[in-house]
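*Asks:* build me a model:
(chains A and B)
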Amino acid sequence: MLTRLITLTAVLVALAHPHAVAEAQALRALDDEALAAIREDVLLQRYDQAIRRANDVLGSARAMTLRQRVELWQMMAAAYYPPDAAAQKQDSALLQIDALVRVAPDATLPAELSWPGLDTLVEKARAFVFSVTSRPPPELVLRGASQAGFITVVASRPTRFRLTTVSRATGVAVVQDSTGLVTEAQLRLRAHNGRSPLIESGDYRIVIVARDGRTADSTVIVHDAVAVASDLPGPIRVPRFVPPTTTTRSTARMGRALALGIGFAGATFAIAREARPPGTIRSGFGTDQRALVVGAVMVGAAVASLFLDDEAARPADAATIERARRDYDRRVSRAAADSRERLADYRVVLRIEPEGL
Amino acid sequence: MSKAVTIIGTLFLALALAPARLSGQAPYGDGGIDITVLAHEAIVHTAAGERLAPERHVGQVGLALGVPTPLRALRVHGHVLTSTQGQNDLRSLDVGLTLGPFLARALVLEAAFAQRASYAPETGLAHGRVAEFARVGARVRVPLGRSGFALHVLGSSYLATNEPEDADDAVTGWLGESSVSYRVRRFPVTAMLGYRIERFRVFTVEQEVSSLTFSLGVNMLGR
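*Replies:* Numbers count the residues shown, from 1 in each chain, chains lettered A, B, ... in the order given. Purely as a prediction, here's the structure:
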């Protein structure tokens, strides 16, 4: 029974899906047709009819694309503020222009709608309304530390921008780029800074903070993004430079050790025999063989120290050290080049959601 | 006197030959506390006037301790040696201070209060009393590079601590010791082999003790 129910549901979903897609396409086509009609009304100076049609279209604004909205507000502004002074409704026109500037701060009027009075009104609105927008491409491909991707940002007036990526998994925020006071900029996104990755596989929020240069008001634009990264190159380990030493042992040092051994052995013998005063006790003693044993051990220790004393290794001569240094520098250069090549293989594909919050 | 000059000359010759980089270590470590087990194989000769006692072989065991003080150059040291042949036989106690190292960190001065008792039961030259005296001396320690081996020479003189009622009660004597030690690298254990000879006179009895010395020490809390 359950299996039959699931099958039926699947069939219904399969039947319903193409229908829903077709309906959405029809809705979009309708808006384009309506926009064309409104444009015709404006160009034929049927402003009231154009405004009426536009208000009807606004009822289906959810289905409109950004381009369609911009187009609609441009035409409504032109309908409310035509060259004919008697037909001008400036306040209503300004409302449309404000809406236009908010979604497209750099928007201008198309040539067929433009006239000096309306252009002035647009510039006036742009001066009063602070708005910013970002236009990220749907997908960015970033490579290593050199190949960056860019997100275009536009503001209605001079603004400072800062672009930050925030990992949803770790919460780590990385400031990727920032600008001074500009009205338009290409904010840079990098996958790697040469030392560590800035973007790895996972979900991200791309946060663009725009700070108005005039009022210091801030607007935040957030894009959701998904990063798919290749494997990170492992670190290249460069051994530290160790100045070469020569294993030739210092003759003077060896001689000193042997002399010490013999000297102390002699001291032992002197203590055992020569240092003792003559007298009745000594006459019964004679030479103590144990002192000779200790002296022999001392000499043996001195000989052993020739092999065990690692201080005997001396630094190599200056020319050898210089050769070793040059060789080391070459190895470091090769490692650095290798590291750059491997880093360039680090590739991140960043898919960015077009709609920001 | 000429013999003493020979000893001092030998010590300074050893110093002159010492390498420039001498490490200043306590006898068994570098700072910290030294605990050392001592074992001496001694041959004792005793005489009173013209009378000689037979040669005696005596084993001695003991313990030595070295402790640092707040003054870096000053350490407290002491040792106890007792005979393996009974309590009334050759035994000694030594408690004092070491000062140093000086002279390229090779020379350490020692001063100690000492007690000594000896007993020679077969000879009739016995003196069961304990003699007290002061001991002053100098120890030279020369490491053989970083091999772990070091060579030591110690010379001490015995001095009376009070004015004796009888000239025969005055303690006189000296001590000479020469040894070689080996300390395991990065492990604070030192083994030492040495030869030691002591000439001692008190209560009309003259005694010479020559010993083959062994010791095994551990250094704690040192560098």
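*Asks:* show me the helices in the chain, by range?
*Replies:* Let's take chain A. For chain A, the helices defined by DSSP state H cover A:2-43, A:47-58, A:66-80, A:90-103, A:116-128, A:251-269, A:280-283, A:289-308, A:318-344.
*Asks:* um, chain B though
*Replies:* Per DSSP H, chain B has helices spanning B:2-17. These are given in chain order.
*Asks:* in it, what spans have low per-residue confidence?
*Replies:* Regions of chain B meeting the criterion pLDDT under 70 cover residues B:1-30, B:87-88, B:119-129, B:162-169, B:222-223.
*Asks:* 50 - rerun?
*Replies:* With pLDDT under 50 as the threshold, chain B has low-confidence stretches at B:1-2, B:4-5, B:11-29.
*Asks:* all strands for it, in order.
*Replies:* Along chain B, the stretches classed as strands by DSSP state E are B:33-48, B:51-52, B:56-68, B:74-83, B:91-102, B:107-118, B:127-143, B:149-160, B:172-183, B:189-202, B:205-220.
*Asks:* the shortest one pairs with which strands?
*Replies:* Same thing as strand B:51-52. Each strand that pairs with strand B:51-52, with its direction, by DSSP bridges: strand B:33-48 (antiparallel).
*Asks:* quick one: the partner strand to strand B:205-220, angle?
*Replies:* 170 degrees (axes from the mean of the first three to the mean of the last three Cα atoms, to 10 degrees).
*Asks:* which among the strands of chain B is found nearest to A:L292?
*Replies:* Closest to A:L292 of these, according to Cβ to Cβ: strand B:189-202, at 9.0 Å. From N, CA and C alone the C-beta is placed, and that goes for glycine too.
*Asks:* tell me what that closest one is packed against?
*Replies:* helix A:289-308, strand B:149-160, strand B:172-183, strand B:205-220 (3 or more Cβ pairs under 8 Å, 6 or more residues apart in numbering or on different chains; DSSP states H and E).
*Asks:* and the first one, what's buried?
*Replies:* In this case it means helix A:289-308. Neighbour-count burial for helix A:289-308, with 16 or more other Cβ atoms under 10 Å in any protein chain shown as criterion, is recorded at A:290-292, A:294-295, A:297-299, A:301-302, A:304-306, A:308.
*Asks:* when you check chain B, which of the residues you listed turn up near it?
*Replies:* Among the buried residues of helix A:289-308, proximity to chain B is found for A:R290, A:A291, A:V294, A:G295, A:V297, A:M298, A:A301, A:A302, A:A304, A:S305, A:L308 (Cβ under 8 Å from any Cβ of the partner chain).
*Asks:* now the residues you listed as JSON lines including pLDDT?
*Replies:* Putting those into JSON lines (pLDDT from 0 to 100) gives the following:
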{"residue": "A:R290", "pLDDT": "88"}
{"residue": "A:A291", "pLDDT": "88"}
{"residue": "A:V294", "pLDDT": "92"}
{"residue": "A:G295", "pLDDT": "92"}
{"residue": "A:V297", "pLDDT": "94"}
{"residue": "A:M298", "pLDDT": "93"}
{"residue": "A:A301", "pLDDT": "92"}
{"residue": "A:A302", "pLDDT": "90"}
{"residue": "A:A304", "pLDDT": "89"}
{"residue": "A:S305", "pLDDT": "87"}
{"residue": "A:L308", "pLDDT": "80"}
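*Asks:* out of those, flag the one nearest to A:F241.
*Replies:* Here the nearest of those to A:F241, counting by Cβ to Cβ, is A:L308; it sits at 27.1 Å.
*Asks:* tally up the residues packed near A:D224, please.
*Replies:* When counting by other Cβ atoms under 10 Å in any protein chain shown, one arrives at 16 neighbours for A:D224.
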